[in-house]
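Enquirer: I'd like to go over a predicted model; first the sequence, then the structure.
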Amino acid sequence: MIKVLVVGACGKMGREVVKAVSRQENMILVGAVDLVNEGADIGSIVLNKEVGIKVQTDLTSAIKDCCPDVAIDFTQPAVIFENAKILINNGVRPVIGTTGLSDEQVEELKDLSEKNNVSTLIAPNFTIGAVLMMMFARKAAQYFDNAEIIELHHNQKKDAPSGTAVKTAKMMSEVKNSFMKGNCAEKELIKGSRGGCSYSDIHIHSVRMPGYIASQEVILGSSGQVMTIRHDSMDRECYMSGVMLAVKHVFEHSGFVYGLDNIL
């Protein structure tokens, strides 16, 4: 039985994680951490029944109290790096869905994971369809010389661009050095109108709008043709199959993994 701690348990994604863990035959929810609802029973908040697990605000104390095997973190960019270090240093295997980590922070967590021999998985997106979209985009990138990414999220998302967009661009950059073949010299009349220029000159455009959950388009073009690869998330439950897969992976395997595509 895998003992699971949920960090950010009272947030929108955290609540879905609590529900998903509670449905698994080989997992048991042992702890919940959040900055709100301290002392409340997480079951009463999420499952409409008490489960005997009180929400705690201090991650270190929660680890000591519930001794989890795995911690699933869906918190905020401002705290995820420190949370991850606390988990790894305490021998808890992190499954991280919070985006906003820099390349340097990911490398530092990789080194810390390997030093402590604590299996770690970080994924910008846990939706199977989104992961396939990234894999398809990398494959298609071999055959197109121009590409841009548009990512669209709800207006409560605090980081931009999304981790999914950054990961997609990074995967595409592995097969080509630049995706701006034939572009003329540009002058932005309004700063930022061409989006942010990322890996291999791939421009990323971020939209924040109520009504969206998470969507992304990868647009690839060449003379006479344009191909668009798009994925839309309609609800947060669609992330849970990937999260549960990640929990099982870090429990059963050693090593550091960045991106769900590496375990599919």
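Expert: Happy to help now that I have it.

Enquirer: Tell me where this structure has strands.
Expert: For the chain, applying DSSP state E gives strands covering 2-7, 27-33, 55-56, 70-73, 93-96, 120-122, 146-153, 196-197, 203-208, 214-222, 225-233, 256-258.

Enquirer: pretty sure residue 14 contacts residue 55?
Expert: No - contact criterion Cβ atoms under 8 Å: residue 14 and residue 55 do not qualify, at 10.2 Å. C-beta: built from backbone N, CA, C; applies to glycine.

Enquirer: out of the two, which sits in the busier spot?
Expert: residue 14 (25 against 22; other Cβ atoms under 10 Å).

Enquirer: Next one: that one from residue 146, what distance?
Expert: 39 Å (Cβ to Cβ, to the nearest Å).

Enquirer: How about residue 139?
Expert: From residue 139 over to residue 146 (counting by Cβ to Cβ), the distance is 16 Å.

Enquirer: The two: which is more packed in?
Expert: residue 146 (19 against 13).

Enquirer: contacting residues for the closest residue to the more buried one other than its chain neighbours?
Expert: Closest residue to residue 146 apart from its sequence neighbours, by Cβ to Cβ, 6 or more residues apart in numbering: residue 221 at 4.6 Å. Contacts for residue 221 (Cβ atoms under 8 Å, 6 or more residues apart in numbering) come out as 144, 146-147, 227.

Enquirer: OK, contacts around the residue lying closest to residue 171 once chain neighbours are set aside?
Expert: For residue 171, ignoring the flanking residues on the chain, the nearest one in space by Cβ to Cβ, 6+ apart is residue 138 at 4.3 Å. By Cβ under 8 Å, 6+ apart, the residues touching residue 138 are 168, 171-172, 174-175.

Enquirer: pretty sure residue 207 contacts residue 154?
Expert: No - Residue 207 is beyond contact range of residue 154, at 10.1 Å (criterion: Cβ under 8 Å).

Enquirer: re the thing from before, if we take the contacts of residue 221, which one ends up nearest to residue 81?
Expert: Relative to residue 81, the closest of these is residue 147; by Cβ to Cβ it sits at 29.6 Å.

Enquirer: I am finished for the moment; much appreciated.
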